Every structure is written in structure tokens, then in C-alpha cells.
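Undergrad: no sequence on this one, just coordinates:
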């Protein structure tokens, strides 16, 4: 939660975060599927209950001053953002297709409970999960996430990206910066879609984003990027 408060204080327009389910079905904010990197434990998030997860120090790996930080719940995060008007880019993370429905149901329910539907975009690399979101609540905005192949950075054609997004009912794109081509962004804009690009920390991207029609940049250092905006 310290990172999200820092982003708010820095003046960011919003935040991007990842959501997974605990063993007992609680949606929590964490990128990795395990706690090895951020909690020092070889345990999967999906194998732990929320009460077990609460006992784990999730901040010391970054700095001793964050030793009291734990893995937050989606409820905690959405409660914090009820007091502002910032945007939220919620990426659903799952280890298997069987998690799509319970994760989507939990996310949609909390988005509605906190009356944040107008400010949230739900994204996922597994585009089938976006179809589930749309089937639960078609008013929640969804973004298809795309990254380039490690072996061939141009393997995803503009048409393939657009067609895959249309097929799952997405209304926005979230592109790895290597895929942020003007022709692709133009096609998305013609459909009325927003386009976010991740993850960029070079301020040169601010002018590039403007020139090709990108709506949002996802960065590790919002304060530094905002200083150049």
C-alpha cells in the first residue's frame, strides 16, 4: 500500500496493479505467483489463506522501512481510491483457466461495491478471462494485454492484435512498449479504444506517446515522468 500512496502523493493520474486469489478466494494485490521474491518463502499465493498471507513481511525485500508492509487485499486498495478520482488499471493474474471465473467474479463484485466502475479498466494476458468479465458485467471496461514474442518482436501484426481484442469484447489495449506502433494505435483509436503502454521510465516516451496517440504510460517512477510532462 505504501507504493500506491506514494503514487497518489506524486500526482499520478492512476495506478496499475495485479490481482490474484488466495486459497480461500480473497483477491489480493501481488504480481508474482509465489512469495519467493517479495516474501522470502517458496509458497504459492494460491496455496495460502488470507490469514496466513497477512503474517508475511512483504516489504523488507525492498527496504527495511517497509518491513511492516503486507500483501494488501483488493478491498483495501479500492477503499483507498474511494477518496480520490484517479484511474485504476487492474490486471488479473491466474495460474490456470479454472481461476478465471472466481477471480473475475471477485473483481467485478468489489468494483461495483466500491462504485468505481467508471474508473477501472480490467486487463489480462489470457484474453479468455476478459470474456468472463464481460459476461459478468459488460459495463466494466476491459483491456487486452499484449507483449512481443521473445524470438520475434514483430510477430504480432496490427490486424492480429485488433482482431484478438475484438474477439473477447475488449474496449482498450495495453501494449508492451515494443508494440506501440502508430499504425496500431491509429486502428485502436478509430474503434474508440484507449491505449496504454508499459513499462516506460524514459521521459522521451511522453512526447512519443503524444505523437502517436497513446492515452496512458505505465511507469515505475511516476514522479520522474510527471516532472517532464
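TA: Received, thanks. Values in this document were obtained by computation on a predicted structure and should not be read as measured data. Residues are numbered from 1 along each chain as shown.
Undergrad: hey, let's count contacts and neighbours off CA atoms from now on
TA: OK.
Undergrad: Which element, helix or strand, includes residue 175?
TA: Using DSSP states H and E, the element containing residue 175 is strand 172-176.
Undergrad: which strands and helices sit next to the helix or strand hosting residue 5?
TA: In the assignment (DSSP H and E), residue 5 maps to helix 2-10. If you count contacts as 3 or more CA pairs under 8 Å, 6 or more residues apart in numbering; DSSP states H and E, helix 2-10 packs onto strand 14-21, helix 222-226.
Undergrad: Give me whichever of those is most buried.
TA: Of those, the one with the most neighbours on average (mean count of other CA atoms under 10 Å) is strand 14-21, at a mean of 21.
Undergrad: what residue lies at the spatial centre of this structure?
TA: The chain has residue 91 as the residue nearest its centroid, 3.2 Å off, counting by CA atoms, centre = their mean.
Undergrad: Distance check, residue 78 against residue 169.
TA: Computed as CA to CA, to the nearest Å, the residue 78 to residue 169 distance reads 24 Å.
Undergrad: and if you look at residue 158?
TA: Distance from residue 158 to residue 169, by CA to CA: 17 Å.
Undergrad: Looking at those two, which one has more neighbours?
TA: Using other CA atoms under 10 Å, the more surrounded residue of residue 158 and residue 169 is residue 169, with 22 against 18.
Undergrad: Confirm that residue 160 sits in a helix.
TA: Yes - assessed with DSSP: H, G, I helix; E, B strand; the rest coil, residue 160 lies in a helix.
Undergrad: Hey, what's the angle from the helix or strand just after the strand holding residue 175 to strand 172-176? Just curious.
TA: Next in sequence after strand 172-176, counting helices and strands by DSSP H and E, comes helix 182-190. Angular relation of helix 182-190 and strand 172-176 on a 0 to 180 degree scale: 160 degrees, by axes from the mean of the first three to the mean of the last three CA atoms, to 10 degrees.
Undergrad: in the sheet, who's paired with the nearest residue to residue 30 once chain neighbours are set aside?
TA: The spatial neighbour of residue 30 that comes closest, neighbours along the chain excluded (CA to CA, 6 or more residues apart in numbering), is residue 18 at 5.5 Å. Bridge pairing for residue 18 (DSSP bridges) gives the partners residue 91.
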